[in-house]
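# Okay, sequence plus prediction incoming.
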Amino acid sequence: MGVEPGCVPASQRKALVAIVERCLATSPEDRFPSAAELKAHLDAVVAGDPLPLPRRRRAAWRRRQPVAAVAIVVAVLAAAGVYLAQPPADPQARSVQPARGNALPADNLLLQAEQMVARLEANVVKSDLPATRSAAASLVEALDREQLLSTTPTGLMLLARYTQFLNTAFGAEGRDESDALLARRVESPETLLAVDPTAGAMLLLETMFLPLSRNQPDAALAISAVLEEHGILPMGGEPVGRWAMLTSEALLRSGQLDEAFATLAKVVDRPGELPARWRMGLLADQAMIREQQGREEDAIAILRPHLQAQPPRSKDEAHFAYSVHLQAGRCFLKLGRPEEAMPLLQHAVALTEPWPEAVPPDATVVAWLLLGEAQEGVGDPASAAASYRTALANLRQLASEGNLPKDRLTQLGPKLQERIDRLEPGTI
């Protein structure tokens, strides 16, 4: 690589050998847990900081494999020579340093924050929500103390993902905590977007979610306008998909249905910049708006290219397939065309069995109810009664498991029983 091991200063050679020995440790527990921590130790060498490396039983390995040991040490020293020969980074570009003057704590905090962001993004925390909440909260507080929370992209993204986690996993209590966090720490939108456009946008989207959860659409729309003004549309990806979803929801709550549809169209028409799962969801939202406007034919036209498509290969695809078939079937029923609704609703019912986690808790109830209506419409009362019975049984099971609001049972239960009694007089 053009750098000899001898180019490494003598004052740094001992520390580098210690790093190499740790890389060569027999026990995985004694090695560096990640490449990022190895880099942090090399940064410490550059800064002249001491290395907290415990001495392990490595001498025996060096005695057994002297040639290999020397070769690896020489190779790493050569690579380190290149690393150390590079000019140090602009100190203004680094994160704010802790008061002790050692960069390692701040770097480690940011590394831990990145790992927590990855966990929250991967949604792998469902089995241990309290522990994840506690760990993420501690990281948020630590970054805030070091002035890294609202001044670094990693800090902003951690705050965005953590508040999103609170909003979705802990109900009203989580939303209250999220609101308090954002009120104390979120500065002006322009400041956040200047630190990092994507992380700043994700954080602002959480501030947009909170007023919506409290039925304050005007406050959400004000944040939406700032994001659009500062160029969220060209960002693509999750930020623009989430922006379209939240903005259209705020417009719907304000009674602006055409504006909500137009907002979704801005994003859906940019397929190359939008993840497939977001595009599928936004298409279903467009069809829902047209159905609410009494324009069922237009809703069906949006959904038709996605009906009876290939079997879903993922939970997201299954959720979209269920939604579009249910919506299209409902639209055909409203148009008085049960013969076209029935196969679509049968398809939706079939999807609830292999993909139960992909559909809402009461999905099987709604799908069987609509299928019964379609079967009645084509003159098949026996099948319709059986569908209503299935819907009622699923409704009662969900209620007994606590997966359904009690008012849902009182609303739908008598309605289903009345239909069963009408179609099967004298049955219990």
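That came in fine, so what should we check first?

# Torsion angles phi and psi at G236?
Per-residue torsions, G236: phi 70, psi -170 (degrees, to the nearest 10).

# and it, what pLDDT?
As predicted, G236 sits at a pLDDT of 79.

# likewise S34?
For S34, the model assigns a pLDDT of 66.

# For the helix or strand hosting A172, could you pull out the residues that count as buried?
Assigned by DSSP states H and E, A172 falls within helix 171-185. Neighbour counts over helix 171-185 (16 or more other C-beta atoms under 10 Å) mark 174-175, 177-179, 181-182, 185 as buried. Yep, even glycine has a C-beta here, placed from its N, CA and C like the rest.

# counting contacts, what elements does the helix or strand just after that helix pack onto?
Next in sequence after helix 171-185, counting helices and strands by DSSP H and E, comes helix 189-195. The contact analysis (3 or more C-beta pairs under 8 Å, 6 or more residues apart in numbering; DSSP states H and E) places helix 189-195 against helix 153-169, helix 197-213, helix 217-229.

# same thing but 6 Å
Other helices and strands packing on helix 189-195, by 3 or more C-beta pairs under 6 Å, 6 or more residues apart in numbering; DSSP states H and E, are helix 197-213.

# got TSV for the buried residues of helix 171-185, with distance to E373 too?
Formatted as TSV, those follow (distance: C-beta to C-beta, whole Å):
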residue	distance to E373
G174	38
R175	37
E177	43
S178	41
D179	42
L181	46
L182	45
R185	51
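
# and of the residues you listed, the nearest to R337?
Distance to R337, by C-beta to C-beta, is smallest for R175 among the buried residues of helix 171-185, at 42.1 Å.

# Just list the residues touching that closest one, thanks.
Contact analysis of R175 by C-beta atoms under 6 Å, 6 or more residues apart in numbering lists 167, 213.

# repeat that for 8 Å
Taking C-beta atoms under 8 Å, 6 or more residues apart in numbering, we find R175 in contact with 166-167, 210, 213.

# just the buried members of the residues you listed?
166-167, 210.

# of the residues you listed, closest to R389?
N167 (38.0 Å).

# What's the separation between the closest one and L210?
Distance, N167 to L210, by C-beta to C-beta, to the nearest Å: 7 Å.

# Spell out which residues are contacts of both of the two.
175, 178.

# doesn't Q147 make contact with G155?
No - here G155 lies out of contact with Q147, judged by C-beta atoms under 8 Å, at a distance of 9.1 Å.

# about what we covered before: closest to L303 out of the buried residues of helix 171-185?
For L303, the nearest member of the buried residues of helix 171-185 is R175. The distance, counting by C-beta to C-beta, is 32.5 Å.

# Name the residues that touch stretch 267-278?
233-234, 236-238, 240-245, 279, 282-283, 286, 316, 320.

# taking the residues you listed one by one, which sit in helices?
Mapping the contacts of stretch 267-278 onto helices (DSSP state H) picks out 237-238, 240-245, 279, 282-283, 286, 316, 320.

# how is the chain carved up into domains?
5-86, 108-185, 196-274 (automatic domain parsing).

# Where among the ones you listed is average confidence lowest?
domain 5-86 (a mean of 56).

# on that earlier part again, most neighbours among the ones in helices among the contacts of stretch 267-278, which one?
Greatest neighbour count in the ones in helices among the contacts of stretch 267-278, by other C-beta atoms under 10 Å, goes to A244: 27 neighbours.

# wouldn't it be in contact with L264 here?
Yes - contact criterion C-beta under 8 Å: A244 and L264 qualify, at 5.6 Å.

# shared neighbours of the two, which are they?
Common neighbours of A244 and L264 (C-beta under 8 Å, 6+ apart) are L282.

# and the angle for the one helix or strand L111 maps to with helix 153-169?
Assessed by DSSP H and E, L111 sits inside helix 104-122. Helix 104-122 and helix 153-169 are oriented at 40 degrees to each other (axes from the mean of the first three to the mean of the last three C-alpha atoms, to 10 degrees).

# elements contacting helix 104-122?
helix 35-47, helix 129-145, helix 153-169.

# so which of these is the most packed in?
Stretch with highest mean neighbour count among those: helix 153-169 (a mean of 23; mean count of other C-beta atoms under 10 Å).

# List the contacts of it.
Contacts of helix 153-169 (C-beta under 8 Å, 6+ apart): 110, 113-114, 116-117, 120-121, 125, 129, 132-133, 136-137, 139-140, 143, 148-150, 174-175, 177-178, 181-182, 185-186, 192, 195-196, 198-200, 202-203, 205-206, 209-210, 213.

# Cool, thanks, signing off.
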